[in-house]
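Peer 1: let me see the structure of the following:
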Amino acid sequence: MSHSDRSIKTQLIKNQDSQSLQSENIQLKAQFNRLLNNAHENQHKLKRFEEIEFKLMAAESIEQLLRIIRDEYTTLFKLDDCTLLLEDEDLSLRRLIPKSLQHTDDGRFLTLLNFPVELEKLKYLPSQISTGAYQIAKHQWLMANSRIESIAVMPLIRRGKTIGVFCCGSYDRERFQSHAACDFLQRLSFIMAVCIENALNLERLKLSTMTDALTQVHNRRFFDQRLPEELARSERSLNAVSCLFLDIDHFKSVNDTYGHGVGDDVLCQVAQRIQTVLRTHDVLARYGGEEFAVLLPDTDNDEAMMVAQRIIFGVNKNRIVIDKNVILTITISAGVSTLMTEDSVDDSFRDVEELGMKLISTADQALYDAKKQGRNRAINAGLLALIETDGNSQKAQC
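Peer 2: Have a look, this model is predicted:
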């Protein structure tokens, strides 16, 4: 090989090496850019996860927490659907979670699981986050949306027990690919489980302070808190609200004759019989001793009187059996009062506390009249009519 040929060959090799290096540099640069973009994307994703996590931890009630999960999380991560399923074997969550979140018009966001087949599915759900294509046979019980193409299933686990599962759905098949962003979702599911458990425990604590320990119905504190709320709602909705005051007849003689243990049993059974007559949104409270108060939202005077009569019949239609030696016939007396809708009320009357006190005192006076007239009956105090008096003061008359 001549010197000239060797030079040409050497130059070709150098050119090939140079092109190879350039190609490698381009590939390395592209790889670096991809890694940099992924880092920026992960940083941005982490920032969004931290944002929602801080909001979850700052929630002050179970209602606020669930609305953050349903609304803000869905918006922040641009989800097409999300569902939350919580274990409720003893049906206790139904008392803790607002009805507005249990029965939503925008799909099935929240489901409280209590049927054995549902609880069994939840029990054997894998403890790890799973992502991938939506499969009807596998995922329909978690998210019944036929348009979903990909799904992320996030079990909520506390102390080794699955308390629920949160699912994110997308109409994009590529959104939740297998094992994509599972580290972020795993962390979020842990925080979500802790926050839900803490919020529910707080609601249980609140409920315990608002519940009569003996009869397990609401106590006077709860009733006094709900009364102005219902009156304000009544004013907005232009619907009547009624109040019943109930008192067990001759209850002192039960305690004197059979002892306070029997008296406690009577109180519990009477409370249960009253509760069976009422609607889920009616408010029953043990007001004191053997006296109960009932708040009937969206109930006019005639309807309230019928409820009172049904309660009286429900209490005395069957005798109360304590044991084979103590079988008692118990009766109850009732007083009824009703606040009419705002279109029948003087516009200058706006003192909700005064309205509440008048509604209660009027029903209480009607109860006293029922006692005077022989007990085991309901006396109707009628409508609470508001009239304007001299100056800026008002008074209520029946």
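Peer 1: how about the residue most central in space within the chain: what's its closest non-neighbour residue?
Peer 2: Centroid-nearest residue in the chain, with C-alpha atoms, centre = their mean: Ile97, separated by 1.7 Å. Among residues not flanking Ile97 along the chain, Ile62 sits closest, at 5.9 Å (C-beta to C-beta, 6 or more residues apart in numbering). In short, each C-beta sits where N, CA and C put it, glycine included.
Peer 1: the one you found against Leu202, yeah?
Peer 2: Yes: with contacts counted by C-beta atoms under 8 Å, Ile62 reaches Leu202, the gap being 7.5 Å.
Peer 1: who's more crowded, the two?
Peer 2: Ile62 (23 against 16; other C-beta atoms under 10 Å).
Peer 1: quick one: that one from Asp369, how far?
Peer 2: Ile62 sits 43 Å away from Asp369, going by C-beta to C-beta, to the nearest Å.
Peer 1: next, Glu60: phi, psi?
Peer 2: phi -100, psi 0 (degrees, to the nearest 10).
Peer 1: I misspoke; the intended subject was Gln128.
Peer 2: Main-chain dihedrals, Gln128, degrees, to the nearest 10: phi -90, psi 150.
Peer 1: can you read off the pLDDT for Val336?
Peer 2: Note on Val336: pLDDT of 96.
Peer 1: now for the helix or strand where it lies, which elements pack on it?
Peer 2: In this assignment (DSSP states H and E), Val336 forms part of strand 332-339. With contacts defined as 3 or more C-beta pairs under 8 Å, 6 or more residues apart in numbering; DSSP states H and E, strand 332-339 has these neighbours: strand 241-248, helix 301-316, helix 352-372, strand 378-388.
Peer 1: mean confidence for the shortest one?
Peer 2: Just to be clear, that refers to strand 241-248. 95.
Peer 1: burial count for Gln373?
Peer 2: Neighbours of Gln373 (other C-beta under 10 Å): 11.
Peer 1: now the stretch 201-350 of the chain, which segments are flagged as low pLDDT?
Peer 2: Counting by pLDDT under 70, the stretch 201-350 of the chain has low-confidence residues at 341-350.
Peer 1: one more time with 90
Peer 2: Applying pLDDT under 90 to the stretch 201-350 of the chain picks out residues 205-210, 225-226, 228-239, 280-281, 322-327, 339-350.
Peer 1: and the stretch 51-200 of the chain, by the same measure?
Peer 2: Those would be 51-53, 74-78, 90-92, 94-96, 98-108, 146, 177-187, if you go by pLDDT under 90 across the stretch 51-200 of the chain.
Peer 1: now do the helices in it.
Peer 2: For the stretch 51-200 of the chain, helices defined by DSSP state H, counting those that start in this stretch occupy the ranges 62-67, 74-76, 93-96, 99-102, 116-123, 136-139, 182-209.
Peer 1: show residues contacting the helix or strand just after the last one.
Peer 2: When you say that, I think you mean helix 182-209. Downstream of helix 182-209, the first helix or strand assigned by DSSP H and E is strand 218-219. With C-beta atoms under 8 Å, 6 or more residues apart in numbering as the contact definition, strand 218-219 has outside contacts at Met210, Thr211, Asp212, Arg226, Val283, Leu284, Ala285, Arg286.
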